[in-house]
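> The following comprises the amino acid sequence and a computationally predicted model.
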Amino acid sequence: MIRATTDETRIDTTEQVGQPEVHQPKVSQPKAVQPLDITVLAGGVGAERAVSLESGKMVRDALRRLDHQAIMLDIHPEDLTALDVPADVVFIALHGAFGEDGDLQRILEQRNVVFTGCDSTASALAMDKIRTKNILIENGIPTPEFQAVLPAAAPCHDWLPCVVKPRGSGSSVDVFIAKNATELDQALDQVVTQHGEALVERYVSGPELTVSVLDGTALPVCEIRTAREFYDYKAKYHDDDTQYLFDLDLPESLLARIQELSVRAFEVLGCRDFARMDWMVDRETLEPYFIEANTIPGLTSHSLLPKAAARAGVSFESLCQKVIELAVQRSGW
């Protein structure tokens, strides 16, 4: 049953704080549903808080344009009062810790709250890059060789250059490319100190591609080009010269394979609603390698999921509506 909520009750506290045609998927348009009371959760406690707030505002505004009663609220592991506000659906726009790692999803499941995106199990799995890579390897999805490094452990120096990153984090926070043993040791010291465990993986030199998956359908493949060494936090959210390309000079068979592998990764990780799969393509062999999954990709003006959806003919409002529709379908309304 849809609950009516007065404006007085729903106070928005966060206001203060060319690709071949074959790769243009047909995405089903969302069905018309009656206006809902929707709480958009944004902000949180992670390093991606600022990005989350921007994502949340864009989602809230889009839902309001669709005539939903949408508000945006902040949330913290020690302050769950945002969940006390009555809502038909909770739209999670949190990235990283307590938002994308399954902890918030587990609380919502315990409270029988209808929410968007992956459940707690898939969220926790996708946030753990090492568990994710092991499952993908078991399912025949290629990913670069890797090693988990704990404090005092000896890293493998045979892969130089290599990538050093936290085992569980997002938005390229504390990600380094180490070209020699000294840089590797320095990167490991920082990542292990900050996060407790590091992932070291073989560096793949070539195009950086990403595929957003919406309701089990792969959206167009996007290539990311940045003036920086790689697509880091600043390139993602601050640089205006980062390029997002859909007309790609790559074989159609390769693009189709990456889309297929992205959907397979989406399925074996247990994802639902939407997610984004990131890839590197070896420049010499044109072999694609899975890098990581993002279960709550950014929803800002710089973000890749909205860009890919637009390329497929899905507006930002329709994207948000589709996600809400999927959550409502699960609720049994």
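Yes, it's here. Treat the numbers as computed from the prediction; the structure is a model and nothing was measured.

> could you pull out the helices for the stretch 201-333 of the chain?
Secondary structure of the stretch 201-333 of the chain (DSSP state H, counting those that start in this stretch): helices at 233-237, 252-268, 304-311, 316-331.

> export the ones you listed to JSON lines and tack on mean pLDDT and mean neighbour count?
Using the backbone N, CA and C atoms, a C-beta is placed for each residue, glycine as well. What follows is the helices of the stretch 201-333 of the chain, written out as JSON lines (pLDDT from 0 to 100; neighbours: other C-beta atoms under 10 Å):
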{"stretch": "helix 233-237", "mean pLDDT": "55", "mean neighbour count": "18"}
{"stretch": "helix 252-268", "mean pLDDT": "98", "mean neighbour count": "18"}
{"stretch": "helix 304-311", "mean pLDDT": "97", "mean neighbour count": "22"}
{"stretch": "helix 316-331", "mean pLDDT": "96", "mean neighbour count": "20"}
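
> and of these, who's closest to Gly117?
Nearest to Gly117 among these is helix 316-331 (7.6 Å), distances taken as C-beta to C-beta.

> Which parts of this structure are strands?
Assigned by DSSP state E, the strands in the chain fall at 37-42, 69-74, 89-92, 146-149, 162-166, 176-178, 198-202, 208-214, 217-218, 222-225, 243-245, 274-281, 288-294.

> helices or strands next to the longest one in the packing?
Here strand 274-281 is seen to pack against strand 208-214, helix 252-268, strand 288-294, helix 304-311 when contacts are counted using 3 or more C-beta pairs under 8 Å, 6 or more residues apart in numbering; DSSP states H and E.

> could I get those as CSV with distance to Ser55?
Listed next are the helices and strands packed on strand 274-281 as CSV, based on distance: least, C-beta to C-beta, whole Å:
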stretch, distance to Ser55
strand 208-214, 14
helix 252-268, 20
strand 288-294, 12
helix 304-311, 10
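
> Let me know which of those is the nearest to Val192.
Closest approach to Val192 among the helices and strands packed on strand 274-281 is made by strand 288-294 (18.7 Å; C-beta to C-beta).

> now the angle from that closest one to helix 252-268?
Calculated by axes from the mean of the first three to the mean of the last three C-alpha atoms, to 10 degrees, strand 288-294 forms an angle of 40 degrees with helix 252-268.

> in its sheet, what does strand 288-294 sit against?
strand 274-281 (antiparallel) (DSSP bridges).

> now the angle between strand 162-166 and the strand it pairs with, please.
Using the same axes, to 10 degrees, the inter-axis angle of strand 274-281 relative to strand 162-166 is 160 degrees.

> Just the C-alpha atoms of strand 274-281, please, in PDB.
Provided in PDB are the C-alpha atoms of strand 274-281 (Å, rounded to 0.1, in the frame of the first residue of the first chain):
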ATOM      1  CA  PHE A 274      22.200  -1.600 -12.100                       C
ATOM      2  CA  ALA A 275      26.000  -1.700 -11.900                       C
ATOM      3  CA  ARG A 276      29.000  -0.800 -13.800                       C
ATOM      4  CA  MET A 277      31.900  -3.100 -14.900                       C
ATOM      5  CA  ASP A 278      35.300  -1.600 -15.600                       C
ATOM      6  CA  TRP A 279      37.800  -3.100 -18.100                       C
ATOM      7  CA  MET A 280      41.300  -2.700 -19.500                       C
ATOM      8  CA  VAL A 281      42.100  -3.900 -23.000                       C
END
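
> lowest confidence element among the helices and strands of this protein?
The weakest-scoring helix or strand in the chain, judged by mean pLDDT, DSSP states H and E, is helix 233-237 (a mean of 55).

> rewinding a little: in CSV, list the strands of the chain along with mean pLDDT and distance to Glu48.
CSV is the format used below for these (pLDDT from 0 to 100; distance: least, C-beta to C-beta, whole Å):
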stretch, mean pLDDT, distance to Glu48
strand 37-42, 98, 11
strand 69-74, 98, 14
strand 89-92, 98, 13
strand 146-149, 92, 23
strand 162-166, 94, 12
strand 176-178, 94, 18
strand 198-202, 94, 18
strand 208-214, 98, 17
strand 217-218, 98, 25
strand 222-225, 95, 18
strand 243-245, 94, 19
strand 274-281, 98, 14
strand 288-294, 97, 11
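
> can you redo the ones you listed as TSV with mean neighbour count and distance to Lys57?
Below are the strands of the chain laid out as TSV (neighbours: other C-beta atoms under 10 Å; distance: least, C-beta to C-beta, whole Å):
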stretch	mean neighbour count	distance to Lys57
strand 37-42	27	7
strand 69-74	24	6
strand 89-92	26	12
strand 146-149	18	36
strand 162-166	23	27
strand 176-178	20	31
strand 198-202	23	32
strand 208-214	24	20
strand 217-218	20	27
strand 222-225	18	23
strand 243-245	14	21
strand 274-281	24	18
strand 288-294	22	19
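
> right, and Leu286 touches Ser253 too?
No - if you go by C-beta atoms under 8 Å, Leu286 and Ser253 don't touch, sitting 9.5 Å apart.

> Nearest to Leu136 among the strands of the chain would be which one?
Closest approach to Leu136 among these is made by strand 288-294 (5.6 Å; C-beta to C-beta).

> Just the C-alpha atoms of the closest one, please, in PDB.
Coordinates of each C-alpha in strand 288-294 appear next as PDB, following Å, rounded to 0.1, in the frame of the first residue of the first chain:
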ATOM      1  CA  PRO A 288      39.900  -7.600 -22.200                       C
ATOM      2  CA  TYR A 289      40.600  -7.800 -18.500                       C
ATOM      3  CA  PHE A 290      38.000  -7.200 -15.800                       C
ATOM      4  CA  ILE A 291      39.200  -4.600 -13.300                       C
ATOM      5  CA  GLU A 292      36.300  -4.100 -10.800                       C
ATOM      6  CA  ALA A 293      32.500  -3.900 -10.300                       C
ATOM      7  CA  ASN A 294      30.700  -0.800  -9.100                       C
END
